[in-house]
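> sharing a model prediction with you, sequence too.
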Amino acid sequence: MGRYVGLDLTIVDLRRTSLGTAAHAACVWSTPLRAQEAAPASQVDVRGARRTPAQAPKDATVAGSLVEHEELAAPGLRLADVLRGQVGVQVTEIGGAGAPATASIRGATSAQVPVYLAGVALNDDIAGAADLSRIPLWLIDHMEIYRGNAPLEADRLGIGGAIFFEPRWPRRTEAGAGGMLGSFGARKAWGYASTGSRDAAVLAGVSAEAATNDYPFVNDRGTLLAPTGQSVSHMTNADVTTYDAWLLGRARIHREAIVDSFVNATTRAQGVPNLALVPSREARVSFDRAIGGVRAAVPLDGDGTASLETRAALSLARAVYSDPLEELALLARRVELAGARVDERVALRAEVSRALEVRVAADVSSETLGRDEDGKADLRARRLASRVATAARKWLGDELSVQALAAAQCDGTSVTTTSTCDTFAPVGRAGVAWTEPTWEAFTNVGRYVRVPSLGELYGISVVVRGYPALRPESGISADIGARWAARALGETRAPWAALGAFARWTSDLISFVHSPQGYATPRNVASARVAGIEGQAGVGFLRWLSIDVSGTLLDPRDTTAGRLAVNDILPFQSRLVLVPRLSAESRRIGLYPIGRVRAEVRWVYQASRYADTAGLAVIPSQSSLDAELLAQTSNEVWTARFRASDLIDQPLFDVVGFPLPGRSLFLSLEAQW
């Protein structure tokens, strides 16, 4: 069926400070920029339960998750695969290797979840959502997921939280290169080199990736999700080619301030298979994106109790759709969209006393979106957004603390005239946290307002068409959660657990509906309520085995009074996602030269989803069994990895029943020095 084993040869140098050190720095000043030596060790005051995967470092008083680099290093791994196993997260993708992918959290759409790389927003102006397939895992040090409530570092509170990616900032001279061959014509090559020292370093990297994505699928011949007229076909016109280049720099000024800068350029060309599964022949699209940013963190005193952060970023995006046979229902044979975004930020942190920390931030951004159809200008849209926010945490003793975040935001959107502020809204949240050495509990209540992105209003993507009549959405959210981590016993992994519940009541919720042409369009739902329960737990036993489980129960309802549809379940939302994982690891194999062996099996189950508001089209439930195997030499120089995705070759679907690849195999060999 066109499958073959992939080979990934990688040479990397992982000599860098530990993730725990970076995470601690993020806790102190919400970003790993701050110099650790700014505060003497004798003055460090650490409060909180032991760190677990269920706690993200930027804000411990909200629900979050931390994904370390080790989980991102498997061969042939896509970011969509990583996020699919995270609690509260659902992923949408439209094909195999290199195909676009987006993430949603707690029933929010992907445009409602801001995604940041090194503090720069990746949500583009063309589709409104961040394309996760263009984030290079080889460059990422760790990932932080915040569910429901975003930290102050995000430029908006959001409806679904936020996702932060922190890259591997250069620290010394090192180099690496790799190549990959994978199932269904996937292949990739990349390389990087860095030079410098602790005080100043620069890293440059490039990658090239391509895939034919000619995997088999059940073809319903345009009768979407219907049980009749089906046969097995191979995906056509789904090939993808991507080129990526990165330049990162870090400099330490006067031993205190740290300045980070980065530039990224990405270009992609791909075929556009028809979502109704009637094979397209000549529909193509090309994407180009360039982003750059500079940020600086400056301690304002000698003991680390006050610091200043500044950031500036520029994003440029362009998409060109070529549809000579009019297969995509674009109403034009060539559609070109160009977007630009400029962001500026200033933030101040002050530790007023041992019991009170205050942070203040001001954000300003300017966005533009232009659309040309068949060479003629069709649209020129602009937006100016500004926000002033403050956050504080006050300790009322050794265990109890209260926290609050308040912001005033102003958005002006225009097509023909200039508007600086046509939507003004106060937003914020307040909460209480109880912290013990082995556990902590928190609760938050907040209000949010979100204006539709320019992409949701006027944009076009492979699977989404904009809707200019969208109204701003607003809502009230509440959640409660607890985390627990016991003491480690010998070499056994310490048991840990996290449990939370949430609810959100929304007016004019922006949701997506399936159109007869096979794409999705955003619409306002007059009234909606989304509630759910999230849980995670893990434990080690027998010194070398460990198991962890994550699960999400979601109840997304349309509560609009007088609605005509009998079905009240919001579309494109699975009401149950369950991910158990079993791993075994030993560092005492005694079989020279192997010193470490690790194996892992993960099962991802996703319940069925409705593809329309009436509940007539159903995307069936699906599950995937994935496995990984690692063997490492005693001196930790050589590491071999094997990965198999969808071992049982179950049919997998996304978006409006779009088929995903089946069983795929990958093998990697890495050298570290």
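Received, thanks.
> what's across from E144 in the sheet?
Per DSSP bridges, the residues bridged to E144 are L66, F164.
> that one and I163 touch, don't they?
Yes. Counting by C-beta atoms under 8 Å, E144 touches I163, with 7.2 Å between them. The C-beta positions use only the backbone N, C-alpha and C, and glycine is treated the same way.
> more neighbours: which of these two?
Neighbour totals were compared for E144 and I163, and I163 leads with 30 against 23 (other C-beta atoms under 10 Å).
> for the more buried one, which non-adjacent residue is spatially closest?
V115 (4.7 Å; C-beta to C-beta, 6 or more residues apart in numbering).
> again, but for I533
I533's closest residue in space is L553 (C-beta to C-beta, 6+ apart), at 4.5 Å.
> please look at the one you found and A501 and confirm they touch.
No. In this structure, L553 is not within contact of A501 by C-beta under 8 Å, at 9.2 Å.
> now do the shared contacts for those two.
Common contact partners of L553 and A501 (C-beta atoms under 8 Å, 6 or more residues apart in numbering): G532, I533, E534.
> ok, and the most crowded of those?
Each of the shared contacts of L553 and A501 was scored by neighbours using other C-beta under 10 Å; the highest score is E534's, at 25 neighbours.
> now do the same contact list for that one.
Contacts of E534 (C-beta under 8 Å, 6+ apart): 63, 87-88, 147, 481, 498-502, 550-553.
> okay, and the beta partners of it?
G500, T552.
> between the two ends of stretch 296-310, how far is it?
Start-to-end span of stretch 296-310 (C-alpha to C-alpha, to the nearest Å) is 5 Å.
> how far off centre is that stretch?
In terms of C-alpha atoms, centre = their mean, to the nearest Å, the centre of stretch 296-310 is found 29 Å from the chain centre.
> pLDDT of that stretch, averaged?
For stretch 296-310, the mean per-residue pLDDT is 87.
> next, the buried residues of it.
Under the neighbour-count criterion of 16 or more other C-beta atoms under 10 Å, stretch 296-310 has A296, A297, V298, P299, G304, T305, A306, S307, E309 buried.
> for stretch 348-357, same thing?
Neighbour counts using 16+ other C-beta under 10 Å place L348, R349, A350, E351, E357 of stretch 348-357 among the buried residues.
> kindly report the same for stretch 413-431.
Residues T413, T423, A425, V427, G428, R429, G431 are the ones in stretch 413-431 that count as buried (16+ other C-beta under 10 Å).
> ok, Q270 touching V240?
Yes. Contact criterion C-beta under 8 Å: Q270 and V240 qualify, at 4.3 Å.
> which stretches of the stretch 401-550 of the chain form helices?
Taking DSSP state H, counting those that start in this stretch, the helices of the stretch 401-550 of the chain run over residues 454-458.
> and what of the chain?
Ranges of helices within the chain are 19-29, 79-84, 454-458, based on DSSP state H.
> compare those and say which comes out lowest on pLDDT.
Minimum mean pLDDT among the helices of the chain: helix 19-29, a mean of 32.
> what residues are up against the closest residue in space to A150 that isn't next to it in sequence?
Of all residues not flanking A150 in the chain, A162 sits nearest, at 3.9 Å (C-beta to C-beta, 6+ apart). By C-beta under 8 Å, 6+ apart, the contact set of A162 is V113, P114, V115, Y116, Y146, A150, P151, A154.
> quick one: which of these is nearest to V285?
V115 (20.8 Å; C-beta to C-beta).
> would you confirm that that closest one contacts L132?
Yes. Using C-beta under 8 Å, V115 is in contact with L132, at 7.4 Å.
> now do the shared contacts for those two.
Both V115 and L132 are contacted by A103, under the criterion C-beta under 8 Å, 6+ apart.
> returning to that earlier point: and the contacts of A162 as TSV, adding distance to S574?
Compiled in TSV, the contacts of A162 are given as follows (distance: C-beta to C-beta, whole Å):
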residue	distance to S574
V113	16
P114	22
V115	21
Y116	25
Y146	21
A150	23
P151	27
A154	25
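> for the residues you listed, which one is nearest I258?
Taking C-beta to C-beta as the measure, I258 lies nearest Y116 of these, at 17.9 Å.
> and that closest one, what pLDDT?
The model reports Y116 with a pLDDT of 88.
> give the contact list for the nearest residue to it once chain neighbours are set aside.
Excluding its sequence neighbours, the residue lying closest to Y116 (C-beta to C-beta, 6+ apart) is F164, at 4.9 Å. Residues near F164 by C-beta under 8 Å, 6+ apart: A56, K58, V115, Y116, G119, M143, E144, Y146, E153.
> just among the residues you listed, which is most surrounded?
A56 (28 neighbours).
> and that residue, how far is that from R252?
As judged by C-beta to C-beta, to the nearest Å, A56 and R252 stand 26 Å apart.
> low-scoring stretches of the stretch 151-300 of the chain, by residue?
Residue ranges of the stretch 151-300 of the chain with pLDDT under 70: 158, 219-230, 255, 274-279.
> per-residue confidence for the nearest residue to S474 once chain neighbours are set aside?
With C-beta to C-beta, 6+ apart as the criterion, S474 has its nearest non-adjacent residue at 4.5 Å, and that residue is V449. Looking at V449, its pLDDT stands at 86.
> shouldn't V449 be in contact with Q409?
Yes. Using C-beta under 8 Å, V449 is in contact with Q409, at 7.2 Å.
> buried residues in stretch 589-603?
Neighbour-count burial for stretch 589-603 flags G595, R596, V597, R598, A599, E600, V601, R602, W603 (criterion: 16+ other C-beta under 10 Å).
> show me what the third one bridges to in the sheet.
Residues in a beta bridge with V597, per DSSP bridges, are S586, A631.
> and L384, what does it touch?
Here L384 is in contact with V364, S365, S366, E367, D411, G412, S419, T420, C421 (criterion: C-beta under 8 Å, 6+ apart).
> L369 now?
By C-beta under 8 Å, 6+ apart, L369 lies in contact with 125-126, 337-339, 379-382, 454-455, 458-459.
> tell me the bridge partners for it.
With DSSP bridges applied, L369 shows beta-bridge pairing to G339, A381.
> got it, and R295?
For R295, the beta-bridge partners are D260, R311 (DSSP bridges).
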